[in-house]
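Student: return atomic coordinates for the entry below.
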Amino acid sequence: MENVTVSEFKVPSRDEVATSNQEIFDNLNKALGFVPNLYATMAYSDHGLGRYLNFQNAKTSFSNKEKEAINLIVSEVNGCIYCLSAHTVIGKMNGFTDAQLLDIRKGTSDNVKLDALVKLAADITKNKGNADDENVQNFFNQGYSKENLVDLILQVSDKTAMNYLHNLTKVPVDFPVAESI
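Tutor: Numbering: from 1, shown residues only. Next up is the predicted model:
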């Protein structure tokens, strides 16, 4: 049995992970220019990183902008500075302004459809899969479908897994650190 404390949880290098993960590291380096620390940390599992990336990159009914709104509010609710920092950068790449990103993290948006999405995502996250009927009805009233509801739950679970991984391991944030709200 390993005796490991959180302070000893370091980010593994390419040479310290399975061959299958080394290939993923190479692909991430080509695509992003680096391997994000949280992805590298997943590579402690011989299969975890590949499994997670397949899940994360699966097709969804949401636009990239909607996915980033979900990622931000879920990360805010779960208190994950790593994911808040990463998704602030990605949110800007997808067209959000700094003010819009902060509003989303506060659980609101001036776009009524996005507002309904953010409020339901926050409610689901805070209440461990449960949500207020009013938030669910507002989500549907804004034109979202049952498919969107399933995809929302999957997106919340995707981001929650990463939030939990960082909150437990506390590996260094390798993105510009998101401001506190």
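
Student: where does the prediction get shaky in this structure?
Tutor: 1-8 (pLDDT under 70).

Student: what sits closest to the residue positioned nearest the centre of it if chain neighbours are left out?
Tutor: Most central in the chain under Cα atoms, centre = their mean is residue 159, positioned 3.4 Å from the mean C-alpha point. Closest residue in space to residue 159, ignoring its immediate chain neighbours: residue 74 at 4.2 Å, by Cβ to Cβ, 6 or more residues apart in numbering. Where you see a C-beta, it was placed from the backbone N, CA and C, and this is true even at glycine.

Student: list the residues that contact that neighbour.
Tutor: Contacts of residue 74 were listed using Cβ atoms under 8 Å, 6 or more residues apart in numbering, and they are 83, 121, 122, 125, 155, 156, 159, 160, 163.

Student: for the fifth one, what are phi and psi?
Tutor: Main-chain torsions, residue 155, degrees, to the nearest 10: phi -70, psi -40.

Student: mind listing what it touches?
Tutor: Taking Cβ under 8 Å, 6+ apart as the test, what residue 155 contacts is 60, 62, 67, 70, 71, 74, 121.

Student: just curious, which of those is nearest to residue 50?
Tutor: Residue 50 has its nearest neighbour among the contacts of residue 155 in residue 60, at 18.9 Å by Cβ to Cβ.
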